[in-house]
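**Q** give the three-dimensional model of this entry:
(one chain, ligands or ions: 2)
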Amino acid sequence: MAQMKKLAALFILLITALSSGCTNKPNRYQAEFISLFDTVTVIVGYSESREDFTLLAEKIKNKLEEYHMLYDIYNEYEGINNIKTINDNAGTAPVQVDGKIIDLLEFALEQYEATGGAVNVAMGSVLSIWHDYRTRGINSPANAHLPPPELLREAARHTDIYDIKIDKELSTVYLNDPDMRLDVGAVAKGYAVEQTALWLERQGVTNLLLSVGGNVRAIGGKLDGEYPNMPWVISIRNPDKSAPDSDLMSVLIADGSLVSSGGYERYYTVDGARYHHIINPDTLMPSDYYEAVSVICPGSGMADALSTAIFNMPPKKSMNYIESIPNTEAIFIFKDGSIEYTSGFESLIYSNQ
Ligand code: ADP
Ligand code: MG
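**A** Numbering: from 1, shown residues only. Ligands and ions are numbered 1, 2, ... in the order given. Predicted structure coming up:
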């Protein structure tokens with residue numbers, strides 16, 4: 001209940017009309033709020049009136065909020081069994097959950113298998129150690145330390161994804177290892193955005209842009225350009241924060257998704273070195289092949305899972321892997337500022353800053 005109140009208190013819906021529109025064109029509006037998935041949600045869409053758009057934005061917010069509560073690993077919500085409930089019952093009891101949790105976990109298992117384990121939602125025991133050390137290091141930089149390798153190695157013994165036991169008939173999930181924990185941070189946001197977009201499409205929404213913390217999903221194209229249904233122009237952030245321009249480039253996206261993963265936003269510093277939040281399952285350390293990567297593909301669930309996964313793969317392997325997936329492109333930004341992209345990426349670039 002306290003959490004619900006907190007969510008409600010944090011909820012700010014800012015609606016802005018972005019253009020007045022001509023007689024035959026609906027107006028473009030934008031809504032922003034900050035209560036979900038620890039980040040900013042932006043919705044851009046078209047409606048006849050501000051009231052219509054506010055109603056739509058509220059519906060989207062409610063849908064995302066439902067996913068947010070189900071996929072939360074840190075907080076409990078009254079009357080809901082979520083991922084935290086599953087974790088709290090590890091090795092003890094199967095937990096009855098909403099089908100949306102089972103769908104997410106089945107999707108995560110598929111991605112684990114497809115990426116050779118580069119993204120593993122059963123790594124919670126390891127990730128929670130990093131999370132605790134990072135939080136302490138940020139709050140008290142003088143006392144920032146790295147987790148002891150033995151601690152990480154011991155936790156890594158409890159990350160077998162096949163210990164997630166799903167009973168679809170009973171709609172239950174059981175962790176068959178008392179020390180295992182789920183962490184769905186690498187896939188949940190994108191999966192929730194994708195399911196919300198599919199739901200909007202079923203409601204007849206044809207032109208809308210949804211971004212949850214940079215997890216961008218476009219339905220159709222934009223309506224307010226020179227021609228109707230032109231692709232949206234989406235910025236890719238420059239991981240080098242000292243660069244004069246905060247954007248690296250912009251790309252064109254219609255009916256598709258762009259998701260980035262990088263080490264430049266969530267990190268802490270130990271002895272002058274940065275340690276970020278994407279952990280290589282092989283080394284149990286922050287992955288250091290790239291500064292950032294972005295993936296463009298039709299679905300946001302895939303884009304989110306893939307961006308975390310390729311961030312954990314060495315350059316040739318990640319390039320070949322993305323090239324093997326149809327309609328999927330990626331950009332790799334290296335620590336020295338150099339850039340590589342898959343063969344079809346260049347044709348999506350709108351402008352290089
Ligand atoms: P962000 O959450 O910043 O959008 P990602 O989608 O790349 O970025 O997800 C990073 C999160 O995924 C981390 O905060 C952590 O919870 C989780 N994570 C980190 N490494 C892995 C991994 N190898 N496999 C699965 N999840 C991971
Ligand atoms: Mg991800």
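
**Q** wait, what's in contact with Ile310?
**A** Thr115, Ala118, Ser261, Val293, Val295, Ser318, Tyr321, Ile322, Ala330, Phe332 (Cβ atoms under 8 Å, 6 or more residues apart in numbering). To be clear about C-beta, it is placed using only N, CA and C from the backbone, and glycine gets the same treatment.

**Q** quick one: the third one is in a strand?
**A** Yes - when classified by DSSP: H, G, I helix; E, B strand; the rest coil, Ser261 is found to be part of a strand.

**Q** tell me how far it lies from ligand 1.
**A** 3 Å (Cβ to the nearest ligand atom, to the nearest Å).

**Q** from the contacts of Ile310, which land in strands?
**A** Counting by DSSP state E, the contacts of Ile310 place Ser261, Val293, Val295, Ala330, Phe332 in strands.

**Q** which of those lies closest to ligand 2?
**A** Nearest to ligand 2 among the ones in strands among the contacts of Ile310: Ser261, at 5.3 Å, using Cβ to the ion.

**Q** near ligand 1, which residues of the stretch 151-300 of the chain?
**A** Residues of the stretch 151-300 of the chain that fall close to ligand 1, judged by Cβ under 6 Å from any ligand atom: Asp183, Gly185, Ala186, Gly213, Ser261, Arg266, His277, Ile278, Ile279, Pro281.

**Q** out of those residues, which sit inside strands?
**A** Ser261.

**Q** from the residues of the stretch 151-300 of the chain next to ligand 1, which two are the most distant?
**A** Gly213 and Pro281 (23.3 Å; Cβ to Cβ).

**Q** got the CA coordinates for stretch 227-240 in PDB?
**A** What follows is stretch 227-240, C-alpha atoms only, in PDB (Å, rounded to 0.1, in the frame of the first residue of the first chain):
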ATOM      1  CA  TYR A 227       4.400  13.600 -45.600                       C
ATOM      2  CA  PRO A 228       2.200  11.400 -43.400                       C
ATOM      3  CA  ASN A 229       3.700   8.300 -41.800                       C
ATOM      4  CA  MET A 230       7.400   9.300 -42.200                       C
ATOM      5  CA  PRO A 231       9.800   7.500 -39.800                       C
ATOM      6  CA  TRP A 232      10.400   9.100 -36.400                       C
ATOM      7  CA  VAL A 233      13.800  10.600 -35.800                       C
ATOM      8  CA  ILE A 234      15.400   9.000 -32.700                       C
ATOM      9  CA  SER A 235      18.600  10.100 -31.000                       C
ATOM     10  CA  ILE A 236      21.300   7.800 -29.800                       C
ATOM     11  CA  ARG A 237      23.000   9.200 -26.800                       C
ATOM     12  CA  ASN A 238      26.800   9.800 -26.800                       C
ATOM     13  CA  PRO A 239      28.300   7.600 -24.100                       C
ATOM     14  CA  ASP A 240      31.100  10.200 -23.800                       C
END
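
**Q** next one: the closest residue to Tyr341 other than its chain neighbours from Ala17, what distance?
**A** Nearest residue to Tyr341, sequence neighbours excluded (Cβ to Cβ, 6 or more residues apart in numbering): Ile331, at 4.5 Å. In this view, Ile331 and Ala17 are 33 Å apart by Cβ to Cβ, to the nearest Å.

**Q** mind listing the residues bridging to Asn215?
**A** When bridges are called by DSSP bridges, Asn215 pairs up with Val212.

**Q** for burial, what's the neighbour tally of it?
**A** Neighbour count for Asn215, taken as other Cβ atoms under 10 Å: 26.

**Q** tell me who's in contact with it.
**A** So Asn215 contacts Lys189, Gly190, Val193, Ser257, Val259, Ser300, Ala303, Asp304 (Cβ under 8 Å, 6+ apart).

**Q** how near is Val42 to ligand 1?
**A** Distance from Val42 to ligand 1, by Cβ to the nearest ligand atom: 15 Å.

**Q** count of neighbours near the closest residue to that residue other than its chain neighbours?
**A** What sits nearest to Val42 in space, not counting adjacent residues and going by Cβ to Cβ, 6+ apart, is Ser211, at 4.5 Å. Neighbours of Ser211 under the rule other Cβ under 10 Å: 23.

**Q** same thing with Ile43?
**A** With other Cβ under 10 Å as criterion, Ile43 counts 23.

**Q** leaving out sequence neighbours, find the closest residue to it.
**A** Ala31 (4.5 Å).

**Q** do Val40 as well
**A** Excluding the flanking residues, the one nearest Val40 by Cβ to Cβ, 6+ apart is Ile34, at 5.4 Å.

**Q** phi and psi next, for that neighbour.
**A** phi -130, psi 20 (degrees, to the nearest 10).

**Q** how about the one 3 residues further on?
**A** Geometry field for Phe37 lists phi and psi as phi 50, psi 30, criterion degrees, to the nearest 10.

**Q** what sits against the residue lying closest to it once chain neighbours are set aside?
**A** Using Cβ to Cβ, 6+ apart and skipping the chain neighbours, the partner closest in space to Phe37 is Lys189 (5.0 Å). Contact analysis of Lys189 by Cβ under 8 Å, 6+ apart lists Phe37, Thr39, Val212, Gly213, Asn215, Asp304.

**Q** again, only using 6 Å
**A** Phe37, Val212, Asn215 (Cβ atoms under 6 Å, 6 or more residues apart in numbering).

**Q** kindly report the residues of the stretch 201-350 of the chain close to ligand 2.
**A** Asp304, Ser307, Thr308 (Cβ under 5 Å from the ion).
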